[in-house]
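Enquirer: mind looking at a prediction? Sequence and model below.
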Amino acid sequence: MKIGIRHITLLFLIGFTSLVQSQTSIVSDSIQSYIEKAEKLQEEYKYEKSLEIAKAALQTALYNNDDKSLGHIYNIIAKNYEINEDFIKARGNYRKALVYAKSSKSRVLETDLYNSMARVFTKYNLTRAKGVTYYKKSYEYAITLKDTARMLRPLLNLGEYYIVRSDFDSAFEYLEPAQELIQSNSSNLVKTKLTGLLGKYFLNTRKYEEAEDYIDQAISYAKGETKNKDNNDQLVSTYYEELASAYQTKSELYKKQDDYQRAYTYQKKHFQNILLSKDKKKLQELRKAITEYEVDLLEKRAKKAESEKKESESEVLKWRISIILGIILILISLAFLISSYKNNIQKKRLNSDLIEKNKELISAKETAEQVSTLKSQFISTVSHELRTPLYGVIGLTSLLMENPEEKKKNEYLESLKFSGDYLLALINDVLQLSKIETNEVKLEKVSFDIRSLIEGIVNSLHTKQKSNNNTVHIDIDKEINTTLLGDSVRLSQILINLIGNALKFTKDGNIWINVKCLEQKNDSYHLRFLVKDDGIGIPKSKQKSIFDNFAQVKNENQEYEGTGLGLAIVKKLIHLHNSEIKIKSQEGKGSEFYFDLSYEKAVKQRETALQSGENLSIGTTNFYVLIVDDNKINQIVTQNILKKKGYTCNIASNGMDAIKMLKEEQFDLVLMDINMPEMNGLEATKVVRTFNPSIPIIALTAVEEGEIRKQALSVGMNDVIVKPYDTQQFFQTIMRNISKVKMA
């Protein structure tokens, strides 16, 4: 009896379980059909109906705790919100979908959801970083699935993300593996996006040939697909967008290569394809509107048909259909009219933009041509200016080697010195202009005597003064205490150029150099510097342009040498002092240049002189100097200059020899070259400072002072002298540094 009951119970349980499983299967099939229907409606632009069906399926799936279906349903809902640009709701529903996808261990859905979430999150600044993380997760999951298509999506999205932000190295990290994953059966949209992004990458990394190859591939793929009748309007619109992007990239490519005509052509194609894309989107929206209108209309017809059964259905139906068709036709016509009107306005705006772009490109082309012409003129001028004095140096040296008459030697040597000074001035001008342009020139404050400075400049220009038989007059206001505090080097450069020009453009005439005190305070002077001549003068039409780089004034009867950099440097140096240079001139009657500068009064001059050692009598002490230089000619020049003042010298040809000699002998000073074989001057100084911290070491180098001074001081050098140098300044620097040690 008990066995029988057990059998009956068992049969009942089996039957009940089968029934439950059968019902569950029916429910699952029903939910799946709803999901498929919602996805199809979404593809047909029927987003509200798709959302309605998805929400109906959602209730059933929630009731049955069907996590897998819930993941798919929330994904459909999120996509509908994303398409309609409600990104906040889209983000919330994607998150819910991800929770159920993880719960049901649906790896494929998780992969798709991370890519979709990343797409939404990267639209906002605050969530972009999280969006990038989601793209990377989508890619990692796709790798585990070995799904090439799903691997490509996040790679392309990341590549595009970083290119938009001009992070091209990061972009290539994702575009390179994407390139390897592309197969012959990959979709043309993927190929279009990848080749377009690679084109942008190579364009911005200046690899123009590769850029053009990839851009042309992108254009080829996109063009073909815009004519594919199997593609829906949304997809065709996307291809037109990709095509517009490729043409924009190609326009930028030709612009960077200064081919403005082609740049303009492709810019025009870019705008045309933007309009075509917008036209397709308008048509898509119109179809959506018509579809929704038809659904609403059919529902109304059904209700009215029930309440009006007694009426003649055939007559009413014909009448209503004709009205409906008329309304639809009117709506379609109206929509196209509105769209055409908007497109016409947009075309006008785009054409206007295109005209402006064209003007910019033409202007850029003209600027490039002007720069090219200016560069050619500069090279030609500098070439001429270098060759002329070099010819003099070589020719005069040859004449001296042939032992000419004794009375001619001084004349040749004076001309040789002039050619050398001219070459140095030319090189200094070019370097000075370059430094000013790159904001490397900073004003310094040192004590200097204004009268000595001006007289020194006039003496240095004696050859030029003598050659044109000019007389120079110097007048310094008696109110000025001639010792000032400021940048004497920059003032010298200004005055050398102005006085040099006055001497060059004046023949058998006079040059006046005036310094007048405009205002005197307790601690400073406001001075006006004036350089005047009675030379050829400057035409009114050229008085502004003479301060431009490479500008020169020429008259009909004679040509004047020079690069045309002098006045450009003068103007820029005066600007550094927050002042302006002004000019008064009349052609044939001379020129007058003047500018105003402020200088502090020098205090405690005697103490400064004592500290600097400038009070010592040069040449009265027999100092022992070590010259460290690998150049034999430089050794001879430096040694002979020092010997004339009564100094004793010894020579080391490199840093290693210098260290050895300094350990064995007692020297008062070291003149150290920087660039030498075996061990350079900087390294040698470091070693010397380990056993002799007090001996003055001065860098004697041909390198620009600004470039080497910090390095020299950092390794323990005391000062820097730049070759070629002024002999007086050379000995002042030596005495200043020796006296610091002697007086310590």
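Expert: On my side now, so go ahead.
Enquirer: now do the helices in the stretch 101-250 of the chain.
Expert: 107-121, 128-145, 148-164, 168-181, 188-204, 208-226, 233-256 (DSSP state H, counting those that start in this stretch).
Enquirer: kindly apply the preceding question to the stretch 401-550 of the chain instead.
Expert: For the stretch 401-550 of the chain, applying DSSP H, counting those that start in this stretch gives helices covering 406-437, 450-460, 462-467, 488-504.
Enquirer: ranking those by mean pLDDT, which is last?
Expert: Lowest mean pLDDT within these: helix 406-437, at a mean of 61.
Enquirer: quote the end-to-end distance of stretch 579-599.
Expert: 13 Å (Cα to Cα, to the nearest Å).
Enquirer: tell me where the chain has strands.
Expert: 446-449, 471-476, 483-486, 510-520, 524-533, 581-586, 590-601, 624-628, 648-652, 669-672, 697-701, 719-722 (DSSP state E).
Enquirer: any chance of the ones you listed in a markdown table with distance to residue 253 and mean pLDDT as columns?
Expert: Where C-beta positions appear, they are placed from N, C-alpha and C, glycine not excepted. Converted to a markdown table, those look like this (distance: least, Cβ to Cβ, whole Å; pLDDT from 0 to 100):
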| stretch | distance to residue 253 | mean pLDDT |
| --- | --- | --- |
| strand 446-449 | 53 | 81 |
| strand 471-476 | 59 | 93 |
| strand 483-486 | 52 | 86 |
| strand 510-520 | 57 | 93 |
| strand 524-533 | 52 | 94 |
| strand 581-586 | 44 | 90 |
| strand 590-601 | 48 | 92 |
| strand 624-628 | 54 | 94 |
| strand 648-652 | 58 | 94 |
| strand 669-672 | 52 | 95 |
| strand 697-701 | 46 | 90 |
| strand 719-722 | 46 | 87 |
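Enquirer: show me this protein divided up by domain.
Expert: 1-101, 106-184, 187-307, 445-603, 610-742 (automatic domain parsing).
Enquirer: can you redo those as TSV with mean neighbour count?
Expert: Listed next are the domains of the chain as TSV, based on neighbours: other Cβ atoms under 10 Å:
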stretch	mean neighbour count
domain 1-101	16
domain 106-184	18
domain 187-307	18
domain 445-603	17
domain 610-742	17
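Enquirer: to residue 338, which of the ones you listed lies closest?
Expert: domain 187-307 (8.9 Å; Cβ to Cβ).
Enquirer: confirm for me that residue 523 is in contact with residue 602.
Expert: No - shown here, residue 523 and residue 602 do not form a contact pair, counting by Cβ atoms under 8 Å, at 10.2 Å.
Enquirer: re the thing from before, would you reformat the domains of the chain as a markdown table and include distance to residue 323?
Expert: Below are these laid out as a markdown table (distance: least, Cβ to Cβ, whole Å):
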| stretch | distance to residue 323 |
| --- | --- |
| domain 1-101 | 24 |
| domain 106-184 | 43 |
| domain 187-307 | 10 |
| domain 445-603 | 78 |
| domain 610-742 | 89 |
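Enquirer: weakest of those domains in terms of mean pLDDT?
Expert: domain 1-101 (a mean of 73).
Enquirer: so how far is that domain from its chain's centroid?
Expert: Its chain's C-alpha centre and that of domain 1-101 lie 55 Å apart, by Cα atoms, centre = their mean, to the nearest Å.
Enquirer: before we move on, what about stretch 220-236?
Expert: Using Cα atoms, centre = their mean, the offset of stretch 220-236 from its chain centre is 38 Å.
Enquirer: which residue sits closest to residue 683 in space, ignoring its chain neighbours?
Expert: Excluding its sequence neighbours, the residue lying closest to residue 683 (Cβ to Cβ, 6 or more residues apart in numbering) is residue 655, at 6.0 Å.
Enquirer: how about residue 696?
Expert: Spatially, and ignoring its direct neighbours in sequence, residue 696 is nearest to residue 737 (3.9 Å; Cβ to Cβ, 6+ apart).
Enquirer: tell me the contacts of the one you found?
Expert: Under the criterion of Cβ atoms under 8 Å, 6 or more residues apart in numbering, the contact list for residue 737 reads 613, 669, 696, 698, 718-719.
Enquirer: nearest to residue 742, of those?
Expert: For the contacts of residue 737, the nearest to residue 742 is residue 613 (7.9 Å; Cβ to Cβ).
Enquirer: one step back: what's the residue nearest to residue 683 in contact with, if anything?
Expert: 628, 676, 678-681, 683-684, 687.
Enquirer: over to residue 715?
Expert: By Cβ under 8 Å, 6+ apart, the contact list for residue 715 reads 682-683, 685-686, 689.
Enquirer: try it again at 6 Å.
Expert: 682, 685-686 (Cβ atoms under 6 Å, 6 or more residues apart in numbering).
Enquirer: now render these as JSON lines, adding distance to residue 267.
Expert: Formatted as JSON lines, those follow (distance: Cβ to Cβ, whole Å):
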{"residue": "682", "distance to residue 267": "54"}
{"residue": "685", "distance to residue 267": "59"}
{"residue": "686", "distance to residue 267": "59"}
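Enquirer: out of those, which sit inside helices?
Expert: Judged by DSSP state H, the contacts of residue 715 include 682, 685-686 as members of helices.
Enquirer: and of these, the nearest to residue 647?
Expert: Distances from residue 647 to those, taken by Cβ to Cβ, are shortest for residue 685, at 20.9 Å.
Enquirer: could you check how far residue 625 is from residue 86?
Expert: 85 Å (Cβ to Cβ, to the nearest Å).
Enquirer: over to residue 226?
Expert: 29 Å.
Enquirer: let me see the contact set for residue 576.
Expert: Applying Cβ under 6 Å, 6+ apart to residue 576 gives the contacts residue 443.
Enquirer: how close does it get to residue 443?
Expert: Residue 576 is 6 Å from residue 443, where distance means Cβ to Cβ.
Enquirer: do the same with residue 527
Expert: 15 Å.
Enquirer: and the nearest residue to residue 630 once chain neighbours are set aside, its phi and psi?
Expert: Nearest non-adjacent residue to residue 630, counting by Cβ to Cβ, 6+ apart: residue 676, 4.5 Å away. Main-chain torsions, residue 676, degrees, to the nearest 10: phi -140, psi 160.
Enquirer: repeat for the one 4 residues further on
Expert: Backbone dihedrals for residue 680, given as degrees, to the nearest 10, come out at phi -80, psi 170.
Enquirer: where do the helices of the stretch 551-700 of the chain begin and end?
Expert: Assigned by DSSP H, counting those that start in this stretch, the helices in the stretch 551-700 of the chain fall at 566-576, 605-612, 632-644, 655-664, 681-691.
Enquirer: and for the longest one, what's in contact with it?
Expert: Think helix 632-644. Contacts to helix 632-644, defined as Cβ under 6 Å, 6+ apart, come from residues 625, 627, 629, 649, 651.
Enquirer: can we see that at 8 Å?
Expert: Residues outside helix 632-644 that contact it (Cβ under 8 Å, 6+ apart) are 625, 627, 629, 649, 651, 653, 671, 673, 700, 723, 727, 730.
Enquirer: could you identify the most distant pair in the residues you listed?
Expert: Pairwise distances across the contacts of helix 632-644 (Cβ to Cβ) peak at 24.0 Å, for the pair 653 and 727.
Enquirer: returning to that earlier point: residue 271: which of the contacts of helix 632-644 is nearest?
Expert: Set against residue 271, the nearest of those by Cβ to Cβ is residue 723 (60.8 Å).
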